[in-house]
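K.L.:
Starting from these lines, generate the structure:
(chains A, B, C and D)
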There are 2 protein chains.
Amino acid sequence: MSTQSVVTAIRVLEAVSDNQPAGLSELSREVDVPKATVLRMLRTLAELGWVAQSEAQAGKWVLTNHAFAVASRGSSGSVIRDAAMGPLNALQLDTTETVHLAVPDRGYMLIIERLDTPHVLRAFLPLGSRLPMHASSTGMAYLSAADEAFVDGYLAGPLEALTPQTVVDPVQLRTMIVDTRARGYSINEQGLSTGITSIGVPLLGPGGVAAGSISISGPSSRIVPAKYQEYGEAAAGTALEISRALGAFSTKGY
Amino acid sequence: MSTQSVVTAIRVLEAVSDNQPAGLSELSREVDVPKATVLRMLRTLAELGWVAQSEAQAGKWVLTNHAFAVASRGSSGSVIRDAAMGPLNALQLDTTETVHLAVPDRGYMLIIERLDTPHVLRAFLPLGSRLPMHASSTGMAYLSAADEAFVDGYLAGPLEALTPQTVVDPVQLRTMIVDTRARGYSINEQGLSTGITSIGVPLLGPGGVAAGSISISGPSSRIVPAKYQEYGEAAAGTALEISRALGAFSTKGY
DNA sequence: TTCGTCGGTTCACTGGATGAACCGTTGGTT
DNA sequence: AACCAACGGTTCATCCAGTGAACCGACGAA
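P.N.:
From the prediction side, this is the model:
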């Protein structure tokens, strides 16, 4: 691996992100690098405007907005977002429920956009949330379109339960993935958050490769089984439109 | 400045963010560093999962979602967001228009959250958008609460016009800031985007320091002058609540 | 008073970062 | 078809920038 100081710096940055507000010794332990080195990295990152000392607690380090600003222009983020927002907007207006746009990130689904329901009772996920794939409709939808090797790898890893309803049994999850493929959409009943149900559909990018997913979410009292099919099909139609825009089915190669 | 390889790496990262999909020579020129060095940085960042070669165009580099995921847990982001989302949600339901939450980033306002209107005609800003301060209601609201030195510095810089309605005259902008202070809210009529009007109010953090701002936005056909006061006062009430939660007026220090 | 841990500093050593010069390829021009 | 400029990417001798063990003063608990 090259440029190890850069590697260290980025690892420090990620450690800050995960532990903020984070202390020096804490970070040093986390990254397994001497305090002096960690501090040097923090100072450098601070000069660049990516981290700062917390005003509330001296000696504690936090990420700045600038990091967010730079990273928001994320590539697949933008490309997918540009293709997705139009159809997604229509889907939201049709269903009147909250819709999410998510892309994969290291075993999690990252929520990159959200269009809100007008209802007072709202499912709420802050932008940038990372959801475990097995515990979210977006994740299961993504897995249903991902290649077998990825699914095997994911299911082999540790699977955490977020609510009593979260399914963590690999065998059961595999069945659910098969069902999702057959049905065209995934269903998550309170597996992510108690009282929330959601319906997910995968998005395909060039070459038909899984690129992300969309979902319709709301309180379980409104998203009842009788509506699954209607919402599932609406979302599937929207997803098809987006996938097409992403070039999933273009024969002309890339 | 210390750890120059880290500095170079981050500069390369930011250059990728600004120019993606970006080529090697292009980045080398942008950052003013030899191609070999830039390439080494790109490879290191790629190993860490922050950038990747574009699938569409070989040799072009793009940011990954992972960068976004790490950075979304941005500090002031989270703190302000946690304090703001409740009151902001109420404001959105009250006004039925789109509301935004923005924080400053190097002379721009960074949109970190959005709650949508149920109306079919929607003002739309993707999350992570950066708006020039002088061209947005959030920016003018922020400036109205920022310290004089910052305002002077900002107005001294180049001020770009985004629409024919954008005000770029420093003298006029200064008057608008004074008006905003007196009134309690800023008004932006089509200065950011033709057909969009918005009302902004600053948020204060600990010590009464400007920390960000909120806004109500919509089509100019709906956000008419007759509604300015109502919306402005509603937003000001919400902002007060958020600022209080952020500890803007606590006497107990920190 | 003692102890452990905190954030932060120092400095001699050396291995990792640097960048000029290079290669093969591509695409436009004549 | 010959040319050329610009592309992405590679090589390697040079040397300086990054490293980390040992250290400091401050603080809180026992």
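K.L.:
Quick check: which ranges of chain A have low pLDDT?
P.N.:
Regions of chain A meeting the criterion pLDDT under 70 cover residues A:1-2, A:74-77, A:123, A:250-254.
K.L.:
Helix, strand or coil: sort out residue A:113 for me.
P.N.:
The local conformation at residue A:113, judged by DSSP: H, G, I helix; E, B strand; the rest coil, is strand.
K.L.:
Which strand residues bridge it?
P.N.:
According to DSSP bridges, the partner residues bridging residue A:113 are residue A:101.
K.L.:
and stretch A:208-222, which residues are buried?
P.N.:
Residues of stretch A:208-222 classed as buried: A:210, A:211, A:212, A:213, A:214, A:215, A:216, A:217, A:218, A:219, A:220 (neighbour count, 16 or more other CB atoms under 10 Å in any protein chain shown). Every residue, glycine included, has its C-beta placed from N, CA and C.
K.L.:
Counting only strands, which of those make the cut?
P.N.:
Using DSSP state E to define strands, the subset of the buried residues of stretch A:208-222 located there is A:210, A:211, A:212, A:213, A:214, A:215, A:216, A:217, A:218, A:219.
K.L.:
isn't the third one right up against residue A:141?
P.N.:
I take that to be residue A:212. No - proximity of residue A:212 to residue A:141 does not meet the contact threshold set by CB atoms under 8 Å, at 9.1 Å.
K.L.:
and for those two, which residues touch both?
P.N.:
With contacts taken as CB atoms under 8 Å, 6 or more residues apart in numbering or on different chains, residue A:212 and residue A:141 have residue A:202 as neighbours in common.
K.L.:
For burial, what's the neighbour tally of the residue in the stretch 51-200 of chain A positioned nearest to DNA strand C?
P.N.:
With CB to the nearest atom of the strand, the shortest gap between the stretch 51-200 of chain A and DNA strand C falls at residue A:59, namely 3.3 Å. Each residue near residue A:59 was counted by other CB atoms under 10 Å in any protein chain shown, and the total is 11.
K.L.:
Can you tell me which of the buried residues of stretch A:208-222 is nearest residue B:123?
P.N.:
residue A:214 (21.8 Å; CB to CB).
K.L.:
Now do the buried residues in stretch A:49-69.
P.N.:
Of the residues in stretch A:49-69, A:49-52, A:54, A:60-69 count as buried by neighbour count, 16+ other CB under 10 Å.
K.L.:
how far is it from where the chain is centred?
P.N.:
Here stretch A:49-69 is found 23 Å from its chain centre; the criterion is CA atoms, centre = their mean, to the nearest Å.
K.L.:
ok, whatever residue of the stretch 101-250 of chain A ends up closest to DNA strand C to residue B:57 distance?
P.N.:
With CB to the nearest atom of the strand, the shortest gap between the stretch 101-250 of chain A and DNA strand C falls at residue A:206, namely 18.7 Å. If you measure residue A:206 against residue B:57 using CB to CB, to the nearest Å, the figure is 12 Å.
K.L.:
domain ranges for chain A?
P.N.:
Domain ranges of chain A: A:4-70, A:73-245, per automatic domain parsing.
K.L.:
Would you mind measuring the gap between the ends of the shortest one?
P.N.:
Between the opening and closing residues of domain A:4-70 there is a gap of 22 Å (CA to CA, to the nearest Å).
K.L.:
Could you do stretch A:180-200 as well?
P.N.:
Start-to-end span of stretch A:180-200 (CA to CA) is 9 Å.
K.L.:
For it, buried residues please.
P.N.:
Using 16+ other CB under 10 Å as the test for burial, stretch A:180-200 gives A:180, A:183-193, A:196-200.
K.L.:
Sort out for me which of those residues are in helices.
P.N.:
Among those, the members falling in helices are A:180, A:183 (criterion: DSSP state H).
K.L.:
Geometrically speaking, which residue is the centre of chain A?
P.N.:
Per CA atoms, centre = their mean, the C-alpha nearest to the average position across chain A is that of residue A:110, at 1.5 Å.
K.L.:
re earlier: just the closest of the buried residues of stretch A:208-222 to chain B, please.
P.N.:
When these are compared for distance to chain B, the smallest value, 8.8 Å, is given by residue A:212; criterion: CB to the nearest CB.
K.L.:
Tell me who's in contact with the closest one.
P.N.:
For residue A:212, the set of contacting residues under the criterion of CB under 8 Å, 6+ apart consists of A:76, A:80, A:101, A:102, A:103, A:104, A:138, A:142, A:202, A:203.
K.L.:
can you rerun that using 10 Å?
P.N.:
Going by CB atoms under 10 Å, 6 or more residues apart in numbering or on different chains, residue A:212 touches A:76-77, A:80-81, A:84, A:101-104, A:109-110, A:112, A:138, A:141-142, A:145, A:202-205, A:239, A:242-243, A:246, B:65.
K.L.:
if we can go back for a sec, what separation is there between the residue of the stretch 101-250 of chain A closest to DNA strand C and residue A:244?
P.N.:
When CB to CB is applied, the distance between residue A:206 and residue A:244 equals 11 Å.
K.L.:
The closest residue to residue A:25 other than its chain neighbours: what's it in contact with?
P.N.:
Excluding its sequence neighbours, the residue lying closest to residue A:25 (CB to CB, 6 or more residues apart in numbering or on different chains) is residue A:35, at 6.4 Å. Taking CB under 10 Å, 6+ apart as the contact definition, residue A:35 lies against A:24, A:25, A:27, A:28, A:29.
K.L.:
what's the helix or strand where the fourth one lies packed up against?
P.N.:
The one in question is residue A:28. With elements delineated by DSSP states H and E, residue A:28 resides in helix A:24-31, which encompasses its position. Applying 3 or more CB pairs under 10 Å, 6 or more residues apart in numbering or on different chains; DSSP states H and E, one finds that helix A:24-31 contacts helix A:4-19, helix A:35-47, strand A:61-63.
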